[in-house]
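S.K.: Whatever this is, show me its structure:
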Amino acid sequence: MARRTSPFVLCLAIGGLEAVACNLVTGADDLSVDGSGGGASTSTTSTSTSTSTTSTTSTTTTSTTSTSTTSTTSTSTTTSTSTDPWEADRQACVDHINALRATKGLPAYQRWVSAESCVDQQATHDQSVNIAHDAFSHGTPACGGNGQNECPGWGVGSIVGCLDSMWGEKDQAGCSGCDACDTFTIFQNGCPNCSFYGPPVCGHYVNMSSATFTSVACGFSTDGSWAAINFQ
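M.R.: Modelled structure (predicted):
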């Protein structure tokens, strides 16, 4: 896990169940359950633990511009240039998840490109109301997916550290059974020594190591402070 000297929060949700759980990372390798509940009544951060600030809701979208050049032989070539400010960070997010999965012999997730701009909007909304998974739970907007991990206030430059902290849940004694069960059995609280919501919370690792899910979309709030990661 990344070493940190101030509180940071990791949060996760399951599609359709409208429940949220968070881990509070208060220092080096220090994980404790911050809280859980249902729907909009669940606040995953407080003024004493959240490092994020509230901003107005806005959206980040991905767009493509094209230029066309013509040679003396009248051959036209079109070049596409991405205007996505988070392109490199999205790829780094997916690549790191897949590198962690490879350590368990798991196949790589496909990058779920079509959902990314929508997940950006979810992260932006959650930051604006300071409630993790609020958009995912209530469909504001609805981006699809069966699970979501979220990094509130970590900042885009710390996405790898956030993912490492989530993956590190597997090393908790109470998460030792996760690799033996399929994802939806864990969702339904039917797996010994593996609780999605805890304590201890294993769900971030479950979403990242799932043999059921096949794709992942990494989204970032407008200013990059919050990251949301949707799985399907």
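S.K.: From residue 173, how far off is residue 199?
M.R.: Going from residue 199 to residue 173 by C-beta to C-beta, to the nearest Å gives 11 Å. From N, CA and C alone the C-beta is placed, and that goes for glycine too.
S.K.: so how many other residues sit close to residue 177?
M.R.: Residue 177 has 14 neighbours, counted by other C-beta atoms under 10 Å.
S.K.: Once you drop chain neighbours, what's closest to it?
M.R.: residue 193 (3.1 Å; C-beta to C-beta, 6 or more residues apart in numbering).
S.K.: Which stretches in the chain count as helices?
M.R.: 87-102, 116-129, 134-138, 159-167, 183-187, 203-209 (DSSP state H).
S.K.: which of those sits most buried?
M.R.: Mean neighbours per residue, mean count of other C-beta atoms under 10 Å, is largest over the helices of the chain for helix 203-209, with a mean of 28.
S.K.: sorry, back to before: mind checking the backbone torsions on the residue nearest to residue 177?
M.R.: Here is the backbone geometry of residue 193 (degrees, to the nearest 10): phi 60, psi 40.
S.K.: looking at it, it is touching residue 172, isn't it?
M.R.: No: Residue 193 is beyond contact range of residue 172, at 9.7 Å (criterion: C-beta atoms under 8 Å).
S.K.: Comparing the two, which residue is more hemmed in?
M.R.: Between residue 193 and residue 172, counted using other C-beta under 10 Å, residue 172 has the larger neighbour count: 18 against 14.
S.K.: if I look at that one, how far off is residue 156?
M.R.: Relative to residue 156, and taking C-beta to C-beta, residue 172 is found at 27 Å.
S.K.: Repeat that for residue 131.
M.R.: Applying C-beta to C-beta, the value for residue 131 to residue 156 is 20 Å.
S.K.: Spit out the contact partners of the residue nearest to residue 191 when sequence neighbours are not counted.
M.R.: Sequence neighbours aside, residue 181 is the residue nearest to residue 191 in space, at 3.6 Å (criterion: C-beta to C-beta, 6+ apart). Neighbouring residues of residue 181 by C-beta atoms under 8 Å, 6 or more residues apart in numbering: 190-191, 194.
S.K.: Phi and psi next, for residue 181.
M.R.: Main-chain torsions, residue 181, degrees, to the nearest 10: phi -120, psi 150.
S.K.: doesn't residue 110 make contact with residue 101?
M.R.: No: between residue 101 and residue 110 there is no contact under C-beta under 8 Å: 11.9 Å.
S.K.: Show me the shaky parts of the chain.
M.R.: 1-82 (pLDDT under 70).
S.K.: didn't residue 90 look like it was pressed against residue 224?
M.R.: No: assessed by C-beta under 8 Å, residue 90 is found out of contact with residue 224, at 11.5 Å.
S.K.: the strands in the chain, which residues?
M.R.: Here the chain has its strands, by DSSP state E, at 8-14, 19-27, 30-38, 64-70, 76-82, 110-111, 147-151, 215-220, 227-231.
S.K.: thinking again about what came up before, now, of the contacts of residue 181, which are buried?
M.R.: Buried members of the contacts of residue 181, scored by 16 or more other C-beta atoms under 10 Å, are 191, 194.
S.K.: For residue 199 and residue 173, work out which one has more neighbours and name it.
M.R.: Between residue 199 and residue 173, counted using other C-beta under 10 Å, the more crowded position is residue 199 (14 against 7).
S.K.: Distance check, that one against residue 175.
M.R.: Distance from residue 199 to residue 175, counting by C-beta to C-beta: 10 Å.
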